[in-house]
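**Student:** With the input below, show me the fold.
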Amino acid sequence: MHVHITPRHLPLTDGIDTYVKNKLSHLDHFEGRILGAHVVLWHDHSAPPKKQFRVKVHLALPGPDLFAEAGEDDLYAAIDKVEEKLNGELRKRKTKMVDRRRHMEARRKERVRRFGR
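**Tutor:** Below is the predicted model:
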């Protein structure tokens, strides 16, 4: 997965870069076909102190893309919160796909049982 990180109003250190890439690499557990991720990190001085550090992530996937955004008083906490949101969205997406596959298979079996095809 290709990860592109854009910092706004804060320096991009090696520690932040490594932390973001490590957190996003855990998302491959739910969806192995992630094409890329665009992460925007920024420090908003005019925001309330609890939401000064914001993180926005755009995940490119086959089908609809996923987006998540979070704000915290600490950059690393905001990255963690975004990762949790993306985990939830990917889990929901995977469950939806598996349920659809099961539903289609059950319909096929019922059709074979009724009509013999």
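**Student:** only C-alpha atoms for contact and neighbour calcs from this point on.
**Tutor:** Noted.
**Student:** Assign residue 80 to helix, strand or coil.
**Tutor:** Three-state call for residue 80 (DSSP: H, G, I helix; E, B strand; the rest coil): helix.
**Student:** Identify the residues contacting it.
**Tutor:** With contact set as C-alpha atoms under 8 Å, 6 or more residues apart in numbering, residue 80 has these partners: residue 23.
**Student:** please redo it, this time with the cut-off set to 6 Å
**Tutor:** Contact analysis of residue 80 by C-alpha atoms under 6 Å, 6 or more residues apart in numbering lists nothing.
**Student:** does the residue most central in space within the chain sit in a helix, a strand or a coil?
**Tutor:** Closest to where the C-alpha atoms of the chain average out (C-alpha atoms, centre = their mean) is residue 86, at 3.1 Å. Recorded secondary structure, residue 86: helix (three-state DSSP).
**Student:** Looking at strand pairing, list the partners for the closest residue to it other than its chain neighbours.
**Tutor:** With C-alpha to C-alpha, 6 or more residues apart in numbering as the criterion, residue 86 has its nearest non-adjacent residue at 6.4 Å, and that residue is residue 68. For residue 68, the beta-bridge partners are residue 57 (DSSP bridges).
**Student:** Report how many residues lie close to the closest residue to residue 45 other than its chain neighbours.
**Tutor:** In this structure, residue 45 finds its nearest non-sequential neighbour in residue 52, 6.3 Å apart by C-alpha to C-alpha, 6+ apart. Using other C-alpha atoms under 10 Å, residue 52 has 18 neighbouring residues.
**Student:** Settle this for me: the residue nearest to residue 86 is touching residue 54, isn't it.
**Tutor:** No. Counting by C-alpha atoms under 6 Å, residue 68 does not reach residue 54; the two are 10.8 Å apart.
**Student:** So if I had to pick from those two, which one is more boxed in?
**Tutor:** residue 54 (23 against 17).
**Student:** now residue 88: how far from residue 8?
**Tutor:** Residue 88 sits 26 Å away from residue 8, going by C-alpha to C-alpha, to the nearest Å.
**Student:** low-scoring stretches of the chain, by residue?
**Tutor:** Applying pLDDT under 70 to the chain picks out residues 117.
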